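> take this sequence and fold it.
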Amino acid sequence: MSAIKFENISKQYRLGLVSTRTLSHDLNRWYQMNIRRKEDPYLKIGDVNDRATKGDSDYVWALRDINFEVQQGDVLGIIGKNGAGKSTLLKILSKVTAPTTGTIKARGRIASLLEVGTGFHPEMTGRENIYMNGAIMGMTKAEITRKLDEIVDFSGVERYIDTPTKRYSSGMTVRLGFAIAAHLDPEILVVDEVLAVGDAEFQKKAIGKMQDVSKGEGRTVLFVSHNMASLRSLCTRGILLDKGKVTFDGTIDRVCDLYLKDSNNFDASSTWIGIPNNQKDFQLLKAEILNAEGCEEHNFSCDEDIVMRMTLSVRSKIPGIYGYLDLTKEDGTVVLVSDSNDFIFNKLESLELGQPIVELKFPKRTLGVGTYFVHLNFTSSQNFGGFNVDSPGQVCKFSLYDETTYRGNSRGGFFSTVLDWKIQ
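The predicted model follows:
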């Protein structure tokens, strides 16, 4: 059963102004729509909502021709860059603002948490705001009272529940706001990025509650976030918004991958070359990702060894010098860390002057399928100054695929290690 249906939803704004704010535009709009019974003449003009460029028109389309359905019990992740139209879409669904064109059909009560403090009266206490929000949702006082203890306990602000919310921190406000939205039995729960304000403990708690609401109670959740890990763990489906339009609708993993691919401004390859600096005592000149034959490669099978080769410039001996490498996924998750001191302490102190080469190997069947970014840093444990140590940061990237037929590229996880199931 369809819980929400968006039909040709568009939203137009005029930059810097409320309404048209010019008499000629207002009169023309009124005349065309009320006398001639035609559509709003300003719907035909306007730029797409690209925040990075200067447009030719004062009118912009925050959303344009949005069409999709959300089934009851679905957890839909809405992903996009800042300014893509995510919050506008949820505000239209929550009836904070009206669409310029189109209609939304929704079944049941909607509870929204769109911004820190949304729906709270700052002069009212936390307890009073709970009752006010419940009343707005159409609940009786008895129903709210029955849920009150559960809401207060979940929010963790019991000590301040009879204090005006204007004295709450942003984190406390989000805690109470989410607790109200999630516990007052809405058929549709709408959450827009605000969980990022909460601490790690509360974020984990809130994600768990949304999973319970969707899977255990069959309620519908729309979740906007830039945290890819939270989206992947909570959602099954996602839509990707760009400049006010839906550019992709599919599985959450595919939507996250497309978003990260488009958002990653670091155009790394399998080879990185630094700019030589004669003032540096120690410097990374070149970083390469190679296959087992020593050839440059960027796309590997999980059954291949991967070699990281570093060409260094050493102008003087640096006491305590060591190298640090970490490997991350596209969403920034650290998968592996390596330190040159792991086997032999102060190993890099033995480097000869000149341009020595250092290699390390990622053994086959170690890393799982995906794209990886390599970060390098060289520092000294003897922090007394006088030595110029290099911090190139993010240098190379490479990808892994699994060509084994029955495994394929659908197997998740950080590792591709194959375990032997021995029968005793």
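> show me how the protein divides into domains.
Split into domains by automatic domain parsing, the chain comes to 68-263, 271-401.
> tell me the spacing between residue 363 and residue 303.
11 Å (C-beta to C-beta, to the nearest Å). For the C-beta atoms, the positions are set from N, CA and C on the backbone; glycine is no exception.
> for residue 149, same thing?
From residue 149 to residue 303 the distance is 57 Å (C-beta to C-beta).
> of these two, which one has the most company?
Taking residue 149 and residue 303 together and counting by other C-beta atoms under 10 Å, residue 303 has the greater number of neighbours (13 against 10).
> need the contact list for the more buried one.
By C-beta atoms under 8 Å, 6 or more residues apart in numbering, the contact list for residue 303 reads 364, 365, 403, 404.
> can you map out the strands along the stretch 201-350 of the chain?
220-224, 237-242, 245-251, 271-273, 282-290, 299-301, 306-314, 321-328, 334-339 (DSSP state E, counting those that start in this stretch).
> can you lay out those as TSV showing mean pLDDT, mean neighbour count and distance to residue 103?
Shown next, in TSV, are the strands of the stretch 201-350 of the chain (pLDDT from 0 to 100; neighbours: other C-beta atoms under 10 Å; distance: least, C-beta to C-beta, whole Å):
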stretch	mean pLDDT	mean neighbour count	distance to residue 103
strand 220-224	89	25	17
strand 237-242	91	22	18
strand 245-251	89	16	17
strand 271-273	90	16	52
strand 282-290	93	21	52
strand 299-301	88	16	46
strand 306-314	95	19	53
strand 321-328	90	19	43
strand 334-339	91	14	45
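> residue 226 contacts residue 256, correct?
No. Using C-beta atoms under 8 Å, residue 226 makes no contact with residue 256, being 10.5 Å away.
> pull up the overlap in contacts between the two.
Common neighbours of residue 226 and residue 256 are listed as residue 79 (criterion: C-beta under 8 Å, 6+ apart).
> okay, these two: which has more neighbours?
For residue 226 and residue 256, the more surrounded residue by other C-beta under 10 Å is residue 256, and the numbers stand at 21 against 16.
> neighbour-wise, give me the winner out of the contacts of residue 303.
Going by other C-beta under 10 Å, residue 364 tops the contacts of residue 303 with 17 neighbours.
> how about the contacts made by that one?
Residue 364 touches 302, 303, 304, 305, counting by C-beta under 8 Å, 6+ apart.
> quick one: secondary structure of it?
Judged by DSSP: H, G, I helix; E, B strand; the rest coil, the three-state class of residue 364 is coil.
> for it, phi and psi?
phi -60, psi 160 (degrees, to the nearest 10).
> give me the pLDDT for it.
Predicted confidence (pLDDT) for residue 364: 92.
> quick revisit: out of the domains of the chain, which gets the lowest mean score?
Minimum mean pLDDT among the domains of the chain: domain 68-263, a mean of 84.
> how about the helices in the stretch 151-300 of the chain?
With DSSP state H, counting those that start in this stretch as the criterion, the stretch 151-300 of the chain has helices at 170-183, 200-211, 228-234, 252-263.
> buried deepest among the ones you listed, which one?
Comparing the helices of the stretch 151-300 of the chain by mean neighbour count (mean count of other C-beta atoms under 10 Å), helix 170-183 ranks first with a mean of 24.
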